[in-house]
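S.K.: compute the structure for the input listed below.
(chains A and B)
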Amino acid sequence: MSVVWREGGASVVLSGDLEAWATQAIRDATGGAVDILTETLQPIATTASAGWYGAQGVQKVTGQSGRIEVVSTIDVAKGVVRVSVGSTDTRVAGKKNAPVPAFVHRPYAATTELKAVTREQFFAAPKSTRVGVAKKDNDSIRVKKGDWMIRVVSSRASDGKTLLPIYVNRPGKEAVQGKLTELGAAMAAQMGRKNG
Amino acid sequence: MANQVIGLDVEIKVANALAELRKLSPGADKEAKAIAGSLSKALKDAEKQAQATGKALQKTAEATKQVSTQTADLGANGNKALKALGPLGGVLSRLSPEAGAAASSIAGLTSAFEGFEAAGLSTLEPVILASLPLFGALAVAVGEVVGVMADYTAANKAAEHAQQSLKLAMEPLSDAIKSAKEEQELLNDALESGNAKTYLNIADLSAKADAKEAEATAALRKEKEDLMAVVAGLADDNNMEGQLAKNRIAEIDNNIAKVHKQANEYARLTVANATTRKFIEGTKDETVKASKATAVHADTLKATNDQLDAEAKLNERNTSTYRSAISTLIDIEAEAAKATATKTEQMAIEHRASLQKIDDAEREALAVADTEAAKETITAQAVAARSATDRAYYAELDKLRVDDAAKAEAATQAEIDKADAARVAELETRKAIAQQSADLAIQGIEAVAQANADASQREADLADGLQAQLIAGDTYYTDAQKAELQKRMNEHRKQARAAFAVAKAARIAEATITTAMAVVNALNDGLATGGPAGLVVGPVAAAAAGVAGGIQIAAIAAEQPSFHQGYAPDERSARVLTSEAVLSPAATAALGSGNIAAANAGIMGGGRQASTPVVFRHQTFRPFIKDFLTQPSALSTALNAGKIVGHRARS
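M.R.: Residues are numbered from 1 along each chain as shown, chains lettered A, B, ... in the order given. So this is what the prediction gives:
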C-alpha cells in the first residue's frame, strides 16, 4: 500500500516518516475506516495481480498493466481520503488517451499466439500458419531471436473478457459492501468523537 | 492530473482532518501543521514548476538553495543543540517523559544517547541532578528547534524530489537541444568560413582531440573537485591541510594545462596529417590521371604510327602497281598501234625504209667514190636496187590484192550461204508455225465436230424417245398431248440436223485444211529435194494430196444423218421385240387390220381367250389406266393441265 498526497493538480507519493505520519493522520481522521478499506482491498489486489498474468490471464505479459496495488490518496483540496485498488499502469492509448489497463482482456476462443518451433515443424505446419523467423527477442510473448514461429490457437483461449472488472472492480465492490457496516461504525464513532 | 490508479475508488471525507490531528498528542498539532503547511507549499511550488518548465526549474533551484541554506543553518544550530543535548539525553529520558518523547522522534539521537549512557552516566549524575531545572527548559527548546529542522528537512526533500523529477524528465530534451545548438553554431561557423567541408573536418578532428583531452584529464579534474570541496569545507583554508590542497590544485592545473597543450599539438598534427593525406590522395589521383592520359596518348601515338606505316606500305604497293600498270599500258598502246596498222601501210613503210637504206648506201658510196665511173656505177646499182625493191614491193602488193579479193569473195559467198540458211530456217519456222496453227485449228475443228456430232446424236435420241412415247401412247394420248409430243420431237430432230450439219461442215473444214497442208508439204518436200526431180516430185505429190483431200471432202459432204429425219405420209416408227412380228403391207391387207388389232388384243377367232404376258407398259394396263383417267385424279388433272406425268426430260 502506498500513500499519495494530492493538492490541486499536483500529487506526490509519500514514503518514510511522511508516509507513517500521513497514515496515522488519516487513520485517526477517519476513525480507522481507511485501515478497514485497506485491509479489505489488499487481498483483492494480491489476488488480482496473481490472476492478471495467471493461467487464464492476459497473453502478452509486460508486467505493467498487472501491477495491482492499493493506494490511499489524501486530497487536500477536496478534503477527502480516497482508497483505490487497481492497476497503477499510467499508460494511455488512443485518440482519447484512454488508460491502457481498462481495456486489457484475456484471450477469446479464436485468439492466436506465436509459437516457437523447430525448422522442420515450421515447414510441416500449414502454410497459412507460418509467420517466419523472429528478428529480435520478445519476452512478452516468450520468443527469442532466430526462433521459427508459427501462429497457433492460444492455449489460454477463454472468453476474452476485460480483466479489470473481473479481478478488481466486482470483487472490490463486493468486499467493500461486505464491510459497509463495519465502515459505518468506524465513521460513526469518529463522528461521535468529533461531535462529543 | 488524473487518478493514478485505474480501478475501484472509495472516498472518505476528512474535512476536519487537521482538527482531528490536534487530538493526536499535546504539542503534536504544531508539528502536523508545520509539516502539512510545508508539504502544501512544496506541492504548490512543484505544480508551478511543472507548468512553468524552465523558469519553474530556476525558481525551484533558488528555493531549494534557500531551503538548503536555511536547512544548513538549522542543521548547524541543530548540531550545536544536539551537542549540548547529548550529555543530557539520558537524564531527560528518565526525568521528563514528554521531553523524552519529543527527543525520541529525532533520528540519530538514540545512538548519541546510548553512546553517552554507555560512556558512564553515574559519573555525571550529580551534575545532571543539580542542573535539572535548567536542562528541562533547554530540552524543550531543543525539541522545538529539532521540530523546525524536521519541517525544513521534509520541505527540502519534497522540493528536491520535484526538482529531480523535472530534471530527469527534461534532461534528454535539454541535452538534445544543447547538442543541436552546438551543432548549429558549428555549422554557422562552417558556412562563414568559406570552406565549410574543411571547417567541419577540422572541427571534427578538434572534437576528437577535446574528447581525448577530457578523457586524459578526467581523473585530474575529479581530484581537483574533491580538493576544492575539502578546501571549501575547511574553516581555515590557510592551515596545513588547506595549503597542501591548494598546492595540489595548482599542480593539477599545471598538469591539465600540459595535457591541454599536448591535446592542441595532437589536434594540430591530426589536422596537418589530414591535410597532407588529402593532398597525397589528390596528388595520387592526379598522378593516376596523368598516367592514364600518358598511356592513352601512347596508345594513340602507336595507333597513328601503325596507321602511317600501313599507309606507307599501301602507297609503296600502289606506286609499284602504278608503274607496272603504266608500263603495261604503254606496251599495250604500242601493240595496239602496231595491230591497227594495215598490211599495206606496213609494206609501204618497209618499202620506204628500204629505199632510204638504198639512198643512204648510195650517198655513203658516192661520198667515198673518187671517180666518175665509180660514181656512175654506184648510181646505176642504186637505180637497179631501187627498181628491184620497187618490183618486189609491187609484186608483194599485187599478191596482197589478190588475196584480199579471194577473201572478199569467200566472205561474199559466206554471206550468201548465211542468207540462204536464214531463209531456209525462216521457211521452216513458218512451216512449223503453219503446221502448228493447222494442228491447233484441226484440234479445234475436231472438237467442234465431235461436240456437234454428240449433240446431234443426243437430240436424235431424244426425238426417238419422244417418238417411242408417242407410239406407245397412241391410243390413250389426247390430240393435244400428241401434238405437244410431236412438236417437241420435231424440235429435237431439227436441232439434231443442225448439229449434224455443223459437225459435217467442221469435218469438211478439217479435211480441207489437212488437204491444203498435205499439198503444201508435198510442194515443200519436193522443193527441199531440190533439183529437177524436186520440181517434178513436189507438184505431183501435191496434186495427189489434193485429189485425196478432194475425195475425202466429197465423202464427208455426202454423209447423211443416221437418225430418221421425219415420217413419210405412210410411214410410222416402231420398236419391236424379237418375239414380235412385222407384217408387210400385203400380209396386212390379207389379214385385215381389224383382225390384226384383235389378235394383238388377245382376241382370237372362235371365242378363245388368249393369255398375254403381263409386262410393264403393255396392254394389260390399258383398261386400268383408262378407268383411272376417266375419274378425277392427280394424273387426269395433270394431263388436263397440259403436263406430261411419268416422263422426265433427258438432261
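S.K.: from now on I want contacts and neighbour counts done on CA atoms only, so please keep to that.
M.R.: OK.
S.K.: give the contact list for B:Arg575.
M.R.: With contacts defined as C-alpha atoms under 8 Å, 6 or more residues apart in numbering or on different chains, B:Arg575 is in contact with B:Ala468.
S.K.: part of a helix, is it?
M.R.: No - secondary structure of B:Arg575 (DSSP: H, G, I helix; E, B strand; the rest coil): coil, not part of a helix.
S.K.: could I get the phi/psi values of it?
M.R.: The phi/psi pair for B:Arg575 (degrees, to the nearest 10) reads phi -120, psi 120.
S.K.: now the one 5 residues further on
M.R.: Backbone dihedrals for B:Glu580, given as degrees, to the nearest 10, come out at phi -90, psi 170.
S.K.: what's the local residue count around it?
M.R.: 8 (other C-alpha atoms under 10 Å in any protein chain shown).
S.K.: for chain A, what's the longest helix?
M.R.: Ranked by residue count and defined by DSSP state H, the top helix of chain A is helix A:33-52.
S.K.: tell me what the following helix or strand past it is packed against?
M.R.: As assigned by DSSP states H and E, the chain's next helix or strand after helix A:33-52 is strand A:68-75. Where contact means 3 or more C-alpha pairs under 8 Å, 6 or more residues apart in numbering or on different chains; DSSP states H and E, strand A:68-75 is packed against strand A:2-7, helix A:33-52, strand A:80-87.
S.K.: mind running it again at 10 Å?
M.R.: Counting by 3 or more C-alpha pairs under 10 Å, 6 or more residues apart in numbering or on different chains; DSSP states H and E, the packing neighbours recorded for strand A:68-75 are strand A:2-7, strand A:10-14, helix A:16-29, helix A:33-52, strand A:80-87, strand B:6-13.
S.K.: among the ones you listed, which is nearest B:Asp237?
M.R.: Closest to B:Asp237 of the helices and strands packed on strand A:68-75 is helix A:16-29 (C-alpha to C-alpha; 38.3 Å).
S.K.: what angle do that closest one and strand A:68-75 make?
M.R.: For helix A:16-29 against strand A:68-75, the angle by axes from the mean of the first three to the mean of the last three C-alpha atoms, to 10 degrees is 80 degrees.
S.K.: rewinding a little: which of the helices and strands packed on strand A:68-75 is buried the deepest?
M.R.: strand A:80-87 (a mean of 26; mean count of other C-alpha atoms under 10 Å in any protein chain shown).
S.K.: so how far is chain A from B:Thr217?
M.R.: Look at B:Thr217 and chain A: by C-alpha to the nearest C-alpha, to the nearest Å, they are 40 Å apart.
S.K.: ok, that residue - contacts?
M.R.: B:211, B:223, B:252-253, B:255-257, B:259-260 (C-alpha atoms under 10 Å, 6 or more residues apart in numbering or on different chains).
S.K.: 7 Å instead?
M.R.: B:Ile256 (C-alpha atoms under 7 Å, 6 or more residues apart in numbering or on different chains).
S.K.: quick one: mean pLDDT for the one helix or strand it maps to?
M.R.: If you go by DSSP H and E, B:Thr217 is part of helix B:196-233. On average, the pLDDT along helix B:196-233 is 85.
S.K.: repeat for stretch B:576-586
M.R.: The predicted confidence, averaged over stretch B:576-586, sits at 76.
S.K.: now that stretch: buried residues?
M.R.: Within stretch B:576-586, no residue counts as buried by 16 or more other C-alpha atoms under 10 Å in any protein chain shown.
S.K.: now do the end-to-end distance for that stretch.
M.R.: When the termini of stretch B:576-586 are compared using C-alpha to C-alpha, to the nearest Å, they are 19 Å apart.
S.K.: for the helix holding B:Thr217, buried residues please.
M.R.: B:196, B:199-200, B:202-203, B:205-206, B:208-210, B:212-214, B:217, B:220-221, B:224, B:227-228, B:231.
S.K.: next, the angle from the helix or strand just after it to helix B:196-233.
M.R.: Remark: after helix B:196-233, the chain's next helix or strand is helix B:240-340, criterion DSSP H and E. If you take the same axes, to 10 degrees, helix B:240-340 sits at 170 degrees to helix B:196-233.
S.K.: what average pLDDT does the stretch of helix or strand B:Asp189 belongs to get?
M.R.: Using DSSP H and E, B:Asp189 sits in helix B:132-193. For helix B:132-193, the mean per-residue pLDDT is 68.
S.K.: who in chain A is up against chain B?
M.R.: Within chain A, the residues that sit near chain B (C-alpha under 7 Å from any C-alpha of the partner chain) are A:7, A:9-10, A:25, A:28-30, A:79-88, A:90, A:101-102, A:164, A:168-169, A:172.
S.K.: and A:Thr100, how many neighbours?
M.R.: Actually, residue A:100 is Val. It isn't Thr. For A:Val100, using other C-alpha under 10 Å, the count is 17.
S.K.: my bad, A:Asn138
M.R.: A:Asn138 has 12 neighbours, counted by other C-alpha under 10 Å.
S.K.: please apply the same query to A:Ala188.
M.R.: A:Ala188: 15 surrounding residues under other C-alpha under 10 Å.
S.K.: how confident was the prediction at it?
M.R.: 78.
S.K.: which SSE is it in?
M.R.: For A:Ala188, the enclosing helix or strand under DSSP H and E is helix A:180-195.
S.K.: check the spacing between A:Ala33 and A:Asp17 real quick.
M.R.: A:Ala33 is 21 Å from A:Asp17, where distance means C-alpha to C-alpha.
S.K.: poorly predicted segments of chain A, please.
M.R.: A:191-196 (pLDDT under 70).
S.K.: apply 80 and report the result again.
M.R.: Scanning chain A for pLDDT under 80 picks out A:1, A:6-11, A:29, A:55-56, A:59-60, A:76-77, A:140-141, A:156, A:187-196.
S.K.: what's the closest non-adjacent residue to A:Asn169?
M.R.: B:Leu8 (5.5 Å; C-alpha to C-alpha, 6 or more residues apart in numbering or on different chains).
S.K.: where along the stretch 301-450 of chain B do the strands fall?
M.R.: Using DSSP state E, counting those that start in this stretch, no strands are found in the stretch 301-450 of chain B.
S.K.: what number of residues lie near B:Ser291?
M.R.: 12.
S.K.: just the pLDDT for it.
M.R.: Here, the pLDDT recorded for B:Ser291 equals 82.
S.K.: roughly how far does it sit from B:Leu466?
M.R.: Noted for B:Ser291: a distance of 119 Å to B:Leu466, by C-alpha to C-alpha.
S.K.: what about B:Ser174, distance to B:Gly233?
M.R.: Per C-alpha to C-alpha, B:Ser174 is found 32 Å from B:Gly233.
S.K.: do B:Lys208 as well
M.R.: Relative to B:Gly233, and taking C-alpha to C-alpha, B:Lys208 is found at 36 Å.
S.K.: try B:Glu160
M.R.: Distance of B:Glu160 to B:Gly233, given as C-alpha to C-alpha: 22 Å.
S.K.: same deal with B:Arg497?
M.R.: 165 Å.
S.K.: residue 168: neighbour count?
M.R.: Assuming you mean chain A. By the other C-alpha under 10 Å criterion, the neighbourhood of A:Val168 contains 25 residues.
S.K.: hmm, no, I was thinking of chain B.
M.R.: For B:Leu168, the count of nearby residues is 12 (other C-alpha under 10 Å).
S.K.: residues in contact with it?
M.R.: By C-alpha under 7 Å, 6+ apart, B:Leu168 lies in contact with nothing.
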